[in-house]
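Asks: A predicted structure for the sequence below; I have some questions about it.
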Amino acid sequence: MEALIHSNERLDDLCRKGYRLIQDPKLFCFGIDAVLLSDYAKVKRGEKAVDLCTGNGVIPILLEAKNNGEHYSGLELQPQCADLARRSVKYNHLEDKVTIEEGDVCKASEIFGRESVEVVTVNPPYMIGQHGIKNADDAMTIARHEVRCTLDDIVRESAKMLKFNGRFYMVHRPFRLAEIFSTMMKYHIEPKRMRLVHPYADREPNMVLIEGLKGGKSRITIEKPLVVYKEPNVYTDEIYEIYGDKPRNNGK
């Protein structure tokens, strides 16, 4: 049988239920934004969730570890990343709970069906424009820049897939908040919760966690800020709790 882990790859501990993730350093490895999103999103018993732009599959695997949902799917455009995610699913014996599909986010509602799920999560490309892009087909570029899908594509397809009162969860950059909210409301996903993430208590936020409700009424709760580091390379207690790990003297 072909080895699940290739010679150029590493196996990282997810600190949840003994799960591990296969990662290729040459591709886009997951960061704290994926971990925070997997904690912010909630999947209730009997619900189905789809993670768009799933990359190496870290979010659906972490969602399965933390929730009681019926099934978790990930959608990934890049074949090499989808293969990586499928092998991590198999390594953790999650084939009955997690499925990885290879396909275009712009066709997500065709792949999964309209009004088919209760939850959609996404850690999308943050950057707009073509500045600094040398190869639009590079794995890192696709993960970071809106070269293969836009914010509008993501929210549109999420709205189509979600059942009425379904929940949309996203992590993004605060500088695009006005655009994010207007796009969500354009497709009838009402912003309901928002939490800003600060690298240090005295620094401006560099991430935002958002929950939206399809068909929801206009009312948003602004939650207390989340601070990542209390000093260089030392997480705050809340971040260690989110990771499911014990305090240690580095910021990995």
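Replies: It's in.

Asks: going by C-alpha atoms from here, please, whenever you check contacts or count neighbours.
Replies: Fine.

Asks: number of nearby residues for Y187?
Replies: 17 (other Cα atoms under 10 Å).

Asks: revised request: answer the last question for R219.
Replies: Neighbours of R219 (other Cα under 10 Å): 9.

Asks: and C149, how far from I242?
Replies: 29 Å (Cα to Cα, to the nearest Å).

Asks: more neighbours, those two?
Replies: More neighbours surround C149 than the other of C149 and I242, with 17 against 14 (other Cα under 10 Å).

Asks: so the more buried one is in which element?
Replies: Using DSSP states H and E, C149 sits within no helix or strand.

Asks: can you pull the contacts of it?
Replies: 105-106 (Cα atoms under 8 Å, 6 or more residues apart in numbering).

Asks: find the nearest non-adjacent residue to E47, please.
Replies: Spatial nearest neighbour of E47, chain neighbours left out: G69 (4.8 Å); criterion: Cα to Cα, 6 or more residues apart in numbering.

Asks: helix/strand/coil for the one you found?
Replies: coil (DSSP: H, G, I helix; E, B strand; the rest coil).

Asks: please save the CA atoms from the lengthiest helix in the chain in PDB.
Replies: In the chain, with assignment by DSSP state H, the single longest helix is helix 79-91. Output of helix 79-91 as PDB, limited to C-alpha atoms (Å, rounded to 0.1, in the frame of the first residue of the first chain):
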ATOM      1  CA  PRO A  79      -5.100  18.800  -6.700                       C
ATOM      2  CA  GLN A  80      -1.900  18.500  -4.600                       C
ATOM      3  CA  CYS A  81      -3.600  20.100  -1.600                       C
ATOM      4  CA  ALA A  82      -6.800  18.000  -2.000                       C
ATOM      5  CA  ASP A  83      -4.600  14.900  -2.000                       C
ATOM      6  CA  LEU A  84      -2.800  16.000   1.100                       C
ATOM      7  CA  ALA A  85      -6.100  16.600   2.900                       C
ATOM      8  CA  ARG A  86      -7.500  13.200   1.800                       C
ATOM      9  CA  ARG A  87      -4.400  11.500   3.200                       C
ATOM     10  CA  SER A  88      -4.800  13.300   6.500                       C
ATOM     11  CA  VAL A  89      -8.400  12.200   6.700                       C
ATOM     12  CA  LYS A  90      -7.400   8.600   6.100                       C
ATOM     13  CA  TYR A  91      -4.500   8.800   8.500                       C
END
